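got a predicted structure here, sequence first:
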Amino acid sequence: MLGTGTDPLSQPRLAGATAPEPERSAADDPALNPHIEKPILEIDRLSLWYGAKQALNRITLAIPERQITAFIGPSGCGKSTLLRCINRLNDLIDEVRIEGAIRFEGLDVFDPRTEINSLRKRVGMVFQKSNPFPKSIYENVAYGLRIQGINRKSLLDDTVERALRGAALWDEVKDRLRESALSLSGGQQQRLCIARAISVEPDVILLDEPCSALDPIATAKIEELMEDLKKQYTLVIVTHNMQQASRVSDYTAFLYLGELIEYGSTGKLFVTPRKKQTEDYITGRFG
Amino acid sequence: MAAKPTSQKQRDFLGVSMTALCGGALALNLLLILALLGLIGFYGGRFFWQKDIEALELADGRRLVGEVHAVEAIPATQGGGERFQLRVGNRDLTGADFVWIDESAVTARTWPADVVLLERLEWGNFYGRLVELRRGDQVLANGSAPVWKAFGPLHREKVALRERIRDLEKGAIGDVNLAIEKLRLAARRLELEGPPAEARARRQAEIDRRTAERQAEYDALAASLFALRDELVLETILVESADGRRKEIPVGAIVRALRPNEMGTLAKAGLYLGRIWEFVADDPRESNTEGGIFPAIFGTVMMVFLMAFAVVPFGVLAALYLREYAKQGLLVRIVRIAVNNLAGVPSIVFGIFGLGFFVYTIGGTIDQLFYPEALPTPTYGTGGILWAALTLALLTVPVVIVATEEGLAAVPRVVREGSLALGATKWETTWKVVVPAAAPGILTGVILAMARAAGEVAPLMIVGMVKLAPTLPMDLDAPFIHFERKFMHLGFHIYDVGFQSPNVDATKPLVFATALLLIVVVTAMNLVAISIRNRLRRRYAGSAV
């Protein structure tokens, strides 16, 4: 079902150096796909099909460590699908076929030898719709440790406090840790999900439109939080809010119809887009 | 079609009338349920209220004493007027508890203060007058008032004595009997094992010695039991019925003596509560026509709980596999349809399956392997509470599966993904996140299953339910819970007292009272489950699931 990364492409380095491509592709144009030193994640000619329908076509890009990388594009362009490939959440969907590779610190995540549970432990995720478990606030944050078999109370207490502080939620919930997580407001729930994600100390946090269901104030809080988290974690965010992408991200990738159209530092991409499609999209002419 | 559009007015009218129709249907349903409960409550509740006792003189010179049990109109074709059913008791003298009297035949109706009602252990109620209190040939009191006065304290003594006899029978004597039975089985086991002659003789001698010890113990206890029983019937009262016939009744054989016509409303209310308590807490007497129904309540509740313990793990695990693990496709669809149809199989079919599978096959095998010394008397190879509970678990497992599946389906995918994205395995996600979130739905299934099981009678009749069980399926004898014992059940009790009783007129009100109690028991069990469910829901308050 899954594509494997054992083909000859599983070699280091992406842009420009590998086999010549007949089509125009962002993968081969350094101007559209800049070289990144020591990327933590390398997506290499990744294609994905849902049954017969191709959702991603030969996406190649590298994600820098401890930076915020945004995937933007109109609905259905494949940005969420791409994000969910990184922690292999697409495995859950039947009839998905993947070709190409994603290397996380040099190791292919699609390699059958890769332990999916330890991969997901190192690549956390925050979802579009906040999804706290039907448990107490405390147990939500402690969940990641508990499934690893860590049940020592002092350790759990410390971790819960650290994670909630990290997600700027501690002061609001410290007196009601035993209450249901579902009693929190939407914005608090989303920050709780971030706390849950950082409780297991991942290297990368994937955020799938984390603010799309939130009001502007809650959105601002999350964006502020992302700036803090960047010091410790690599963040990859999917958003269809271009202002958000330009506000928070360091790098931006523009996807359209399953293809990577343009990738570059956020400043460059938004100010001087190279491609007409990118320009049309960020200026709101379509999308 | 003619293209004349419906006017707005017509459409509004249709809307209003359909709303009224829906509301009316709901109201009718509620009304029917309330009427049913009201009927059962009225007839069941009325049964325990003591009416005044009337003394009647009839035109033909007969004299009758009793309570009016029912009144009905005589059809005009037969002369009109009313007739009433009088409960006259004194079954040992007259042969029937009830007589029908035409109102027109009554020449005088009085309510004498000194008429007594004696509720007896045997032969039902006695209505009449007190004449004498005797100890053997010695007269202790004479005349209605002195006898009544002397009777009270003496009767209390006898009630205490009866308690002692019961404790002795069920306690010490029961224990000795159990020990003797165990020794008999040990001897039989020895025979089956067939050890070398010398060892066998030695062990047989040991068994014989202990049996003799126990037998001596039994004889001593039996002697003291007989002494107590003699004491119980030492004093008697001489009573006289309305038609002048006399009868001697031992004081110890009387459950309760009343002078209803002298009692105030408060005293009657106390009696009412006392009788309800007796009904709920006592053993039945006189082939279930009198006394209480405690064993039936106990059997019903215990059987339902055993059933729940069996059905929950099975149903939940099966639903987990169907919903979370099985690849959704044709096969799973067929399985699901089959499970749903299982709920529609007539319950008696489950009973027959339970008899063939649980009782004969599994129970028979258990007997062969573990209780060979008791054969040919079956231990597990006959109906019992465990087999009844398992049969009903089979009957109700579709309900639990369907409800659990619905509960699982309502857990959003994004919640599962949240757990998986933290590195949890599928099983950890299912067990720690999905199942707790689906718990209220699962409990809904359990509630439905318990209600169904408590009301089911047909299959139980062949897998272990009996009209009268001598012992409860749970008591203080090791191992405390006796899965192999037969049990009584409220649903069957209703059928039994209503339609299988030797004295149908007397037990008809018991049908209503027992039905009321069954409803109360089912409601109580449901309330417990519902409160657990609500606690779970509150814990996850605000949940979208």
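Great, that's in hand. Numbering: from 1, shown residues only, chains lettered A, B, ... in the order given.

contact partners for residue B:122?
B:253, B:286 (CB atoms under 8 Å, 6 or more residues apart in numbering or on different chains). C-beta coordinates here come from the backbone N, C-alpha and C atoms, glycine included.

where does it sit: helix, strand or coil?
Following DSSP: H, G, I helix; E, B strand; the rest coil, residue B:122 is assigned to coil.

so how far is residue B:177 from it?
From residue B:122 across to residue B:177, the span is 24 Å (CB to CB, to the nearest Å).

need the helix or strand of chain B with the lowest average pLDDT.
strand B:290-291 (a mean of 78; mean pLDDT, DSSP states H and E).

OK, contacts around the residue nearest in space to the middle of chain A?
Chain A has residue A:206 as the residue nearest its centroid, 2.6 Å off, counting by CA atoms, centre = their mean. Counting by CB under 8 Å, 6+ apart, residue A:206 touches A:83-84, A:86-87, A:123-126, A:236-238.

ok, now with 6 Å
A:83, A:86, A:125, A:236 (CB atoms under 6 Å, 6 or more residues apart in numbering or on different chains).

now swap in residue B:332 and tell me
With CB under 6 Å, 6+ apart, residue B:332 has these contacts: residue B:326.

what about it, which helix or strand?
helix B:330-342 (DSSP states H and E).

same question, residue B:208
Going by DSSP H and E, residue B:208 is in helix B:197-232.

quick one, helices of the stretch 401-545 of chain B?
Here the stretch 401-545 of chain B has its helices, by DSSP state H, counting those that start in this stretch, at B:413-420, B:426-429, B:435-455, B:490-499, B:504-539.

including mean pLDDT and mean neighbour count, could those go into JSON lines?
Listed next are those as JSON lines, based on pLDDT from 0 to 100; neighbours: other CB atoms under 10 Å in any protein chain shown:
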{"stretch": "helix B:413-420", "mean pLDDT": "89", "mean neighbour count": "20"}
{"stretch": "helix B:426-429", "mean pLDDT": "89", "mean neighbour count": "17"}
{"stretch": "helix B:435-455", "mean pLDDT": "87", "mean neighbour count": "22"}
{"stretch": "helix B:490-499", "mean pLDDT": "86", "mean neighbour count": "21"}
{"stretch": "helix B:504-539", "mean pLDDT": "84", "mean neighbour count": "17"}
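
dump those helices into a markdown table; add distance to residue B:110 as well.
As requested, the helices of the stretch 401-545 of chain B are arranged in a markdown table below (distance: least, CB to CB, whole Å):
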| stretch | distance to residue B:110 |
| --- | --- |
| helix B:413-420 | 78 |
| helix B:426-429 | 81 |
| helix B:435-455 | 47 |
| helix B:490-499 | 33 |
| helix B:504-539 | 24 |
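
closest to residue B:162 out of those helices?
helix B:504-539 (22.7 Å; CB to CB).

packing partners of the closest one?
Under the contact criterion of 3 or more CB pairs under 6 Å, 6 or more residues apart in numbering or on different chains; DSSP states H and E, helix B:504-539 touches helix B:8-46, helix B:435-455, helix B:490-499.

redo these as TSV? Include distance to chain A.
Output for those, formatted as TSV (distance: least, CB to the nearest CB, whole Å):
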stretch	distance to chain A
helix B:8-46	32
helix B:435-455	4
helix B:490-499	37
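
distance to residue B:384 added to those helices, as a markdown table?
Listed next are the helices and strands packed on helix B:504-539 as a markdown table, based on distance: least, CB to CB, whole Å:
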| stretch | distance to residue B:384 |
| --- | --- |
| helix B:8-46 | 30 |
| helix B:435-455 | 16 |
| helix B:490-499 | 15 |
